[in-house]
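Asks: Fold the following and give me the result.
(chains A, B, C and D)
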There are 2 protein chains.
Amino acid sequence: MKAIPLTAASIVEAAADLADATGFDSVTLSAVARRLGVRSPSLYSHVQDRDALLEGVTVLALTELASRVSVAVAGRAGRSALEALADAHRDYARESPGRWDALQRPVGEEAARSAGARDIVALTAAVLRGYPLPESEHVHAVRFIGSTVNGYLRIERNGGFAHSRPSAAVSWHRIIDALDAALRAWPAPSEGARP
Amino acid sequence: MKAIPLTAASIVEAAADLADATGFDSVTLSAVARRLGVRSPSLYSHVQDRDALLEGVTVLALTELASRVSVAVAGRAGRSALEALADAHRDYARESPGRWDALQRPVGEEAARSAGARDIVALTAAVLRGYPLPESEHVHAVRFIGSTVNGYLRIERNGGFAHSRPSAAVSWHRIIDALDAALRAWPAPSEGARP
DNA sequence: ATGATATGCCTAACACCATTAGGCTATGAC
DNA sequence: GTCATAGCCTAATGGTGTTAGGCATATCAT
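Replies: From the prediction side, this is the model:
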């Protein structure tokens, strides 16, 4: 049963797999220990506490997502890059629902400083090269894209679109269209904008 | 201590207050019972289980949010209405963080069918009257606005913007500007769009 | 090789939580 | 007055996170 040696990384991975299989909320130290063929107190040699474990899953998910986004947007520009970025998020949310849920939690220090987080921001900013935005607007546009994509996927995942027509799949393309249009028609900053 | 009679509504309200005060995750049957000066098994006469209680908080939050949005957008049109709607969401998220968190959960039957949920969708659609969108695009635009506003507030709340400059407050206005621009420049549906 | 040390698992224990079963009491109907 | 019911209670069960301390095995100095 203990084919895998017990390390911080292997525990986090087991937790992530468990999250994908049975839901992020069911990631409990007991369940992870069970899955590793070990008693739960044994995990404390490698992991500070439950919160640190969940934060570890968040960091892992950020890394994986950054990698997917990176591959998706490579060699693309403009609308094509935007769509690839959005679809990479959506695919990840679909294929690894538990890991993706880990992204929807208050970010701790470790996640905030992680390479994955930085990369995702940088890659989103890179997509903006295909649009006529001044450099000073990039922060806002990155946040805009992030908010919309994340918000849509989360509402879809929570079933918010399940009770109305048409299906969420149709809206997804319209929303990428709208994002694209918004970036093309990006409004000039009004006077109140100070960094 | 039992100034308030124990009913389903009073229990849900106590749970919502507790969520605002100490965080949505800390809403436990024990804690709610404690707050009501009662033992936790007593709650089961009025509430099915913990999940039903949380769903009740969600419905309450939907109702309250719908009411705020309704007041905010009344007598406004176009960008002014859009901004009022977004700010109503943001104010609610700020003032009642626990209740607002209740909105970010998988929606059950009761929440999906609630008047609050229907009203919020209808009010968002009403904002679109000030923009040149064909009726058939309203669903998508409503989902677009909902995704962006929700996504932004959630990332802000999770501290996703806390580690970068400029502050989230500045971006908020830029994002409403961008939403406004997107609705004005709403792209024509491509051929693939079938309801 | 041998003994010291340290690592890393274990069991035991505690407090907290959700939930069920069943008892006691006060309130209302008749 | 009696009786039934509603609504609280206590008791108990099984699951959770977490800490304390035991015990074996691997690592290393000599």
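Asks: and stretch A:107-127, does that touch DNA strand D?
Replies: No. Using Cβ under 7 Å from any atom of the strand, stretch A:107-127 never reaches DNA strand D; the gap is at least 13.7 Å. (Each C-beta comes from the backbone N, C-alpha and C, glycine too.)
Asks: ok, is that stretch in contact with chain B or not?
Replies: Yes. For stretch A:107-127, a contact with chain B is found by Cβ under 8 Å from any Cβ of the partner chain, at A:107, A:112-113, A:121.
Asks: And the residue of chain A found nearest chain B, how far from residue A:158?
Replies: With Cβ to the nearest Cβ, the shortest gap between chain A and chain B falls at residue A:151, namely 2.3 Å. Distance of residue A:151 to residue A:158, computed by Cβ to Cβ, to the nearest Å: 11 Å.
Asks: Residue A:160 sits in which helix or strand?
Replies: Assessed by DSSP states H and E, residue A:160 sits outside every helix and strand.
Asks: list the contacts for it?
Replies: For residue A:160, the contacting residues are B:107, B:146, by Cβ atoms under 8 Å, 6 or more residues apart in numbering or on different chains.
Asks: can you give me phi and psi for residue A:160?
Replies: For residue A:160, the backbone dihedrals (degrees, to the nearest 10) come out as phi -70, psi -20.
Asks: which parts of chain A sit against DNA strand D?
Replies: So chain A meets DNA strand D at A:28-31, A:40-41, A:44, A:49-51 (Cβ under 7 Å from any atom of the strand).
Asks: Find the pair from those with maximum spatial separation.
Replies: Farthest-apart pair in those is A:41 and A:51; separation 16.6 Å (Cβ to Cβ).
Asks: Comparing these two, which residue is more hemmed in?
Replies: residue A:51 (12 against 9; other Cβ atoms under 10 Å in any protein chain shown).
Asks: three-state assignment of that one?
Replies: Residue A:51 falls in the helix class when you classify it by DSSP: H, G, I helix; E, B strand; the rest coil.
Asks: Just the pLDDT for it.
Replies: According to the prediction, residue A:51 has pLDDT 96.
Asks: Now do the same contact list for the nearest residue to it once chain neighbours are set aside.
Replies: Spatially, and ignoring its direct neighbours in sequence, residue A:51 is nearest to residue A:108 (7.9 Å; Cβ to Cβ, 6 or more residues apart in numbering or on different chains). Residues counted as contacts of residue A:108 (Cβ under 8 Å, 6+ apart) are A:51, A:55, A:58.
Asks: I figured residue A:27 was touching residue A:20, is that so?
Replies: No. Here residue A:27 lies out of contact with residue A:20, judged by Cβ atoms under 8 Å, at a distance of 9.9 Å.
Asks: any shared contact partners between these two?
Replies: Joint contacts of residue A:27 and residue A:20 (Cβ under 8 Å, 6+ apart) are residue A:98.
Asks: Give the residue from these two that has the larger number of neighbours.
Replies: residue A:27 (24 against 18).
Asks: quick one, helices of chain A?
Replies: Residue ranges of the helices in chain A, as given by DSSP state H, are A:8-22, A:29-35, A:50-73, A:78-95, A:97-102, A:109-113, A:115-127, A:138-157, A:168-184.
Asks: ok, residue A:25 - how many residues close by?
Replies: So residue A:25, with other Cβ under 10 Å, has 9 neighbours.
Asks: same check, this time on residue A:26
Replies: Around residue A:26 there are 12 residues (other Cβ under 10 Å).
Asks: quick one: contacts for the nearest residue to residue A:152 once chain neighbours are set aside?
Replies: Leaving out its chain neighbours, the residue that sits closest to residue A:152 by Cβ to Cβ, 6+ apart is residue B:147, at 3.8 Å. For residue B:147, the contact set (Cβ under 8 Å, 6+ apart) comprises A:147-149, A:151-152, A:155, A:175.
Asks: DNA strand C contacts on chain A?
Replies: So far as Cβ under 7 Å from any atom of the strand goes, chain A lies against DNA strand C at A:5-6, A:33, A:37-39, A:41-42, A:45-46.
Asks: Go ahead and produce CSV holding the CA coordinates of stretch A:155-171.
Replies: As requested, the backbone C-alpha atoms of stretch A:155-171 are provided in CSV (Å, rounded to 0.1, in the frame of the first residue of the first chain):
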residue,chain,number,x,y,z
ILE,A,155,-21.0,30.1,-11.8
GLU,A,156,-21.1,27.3,-14.4
ARG,A,157,-19.6,24.9,-11.9
ASN,A,158,-22.0,25.9,-9.2
GLY,A,159,-24.9,25.1,-11.4
GLY,A,160,-25.9,28.8,-11.8
PHE,A,161,-26.6,28.4,-15.5
ALA,A,162,-28.1,24.9,-15.2
HIS,A,163,-31.6,26.1,-14.7
SER,A,164,-31.9,28.5,-17.6
ARG,A,165,-31.6,28.3,-21.4
PRO,A,166,-29.6,28.2,-23.5
SER,A,167,-26.9,25.9,-22.2
ALA,A,168,-23.8,27.4,-20.7
ALA,A,169,-21.7,26.1,-23.6
VAL,A,170,-23.3,28.5,-26.0
SER,A,171,-22.8,31.5,-23.7
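Asks: List the buried residues in it.
Replies: A:155-161, A:164, A:168, A:170-171 (16 or more other Cβ atoms under 10 Å in any protein chain shown).
Asks: likewise stretch A:47-65?
Replies: A:47, A:53-65.
Asks: which residues touch stretch A:73-89?
Replies: A:65, A:68-69, A:71-72, A:123-124, A:126-127, A:129-131, A:145, A:149-150, A:153, A:172, A:176, A:179-180, A:183.
Asks: Of these, grab the buried ones for PyMOL.
Replies: Typed into PyMOL, the line below selects the buried ones among the contacts of stretch A:73-89, using 16+ other Cβ under 10 Å:
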select buried, chain A and resi 65+68+69+72+123+124+126+127+130+131+145+149+150+153+172+176+179+180+183
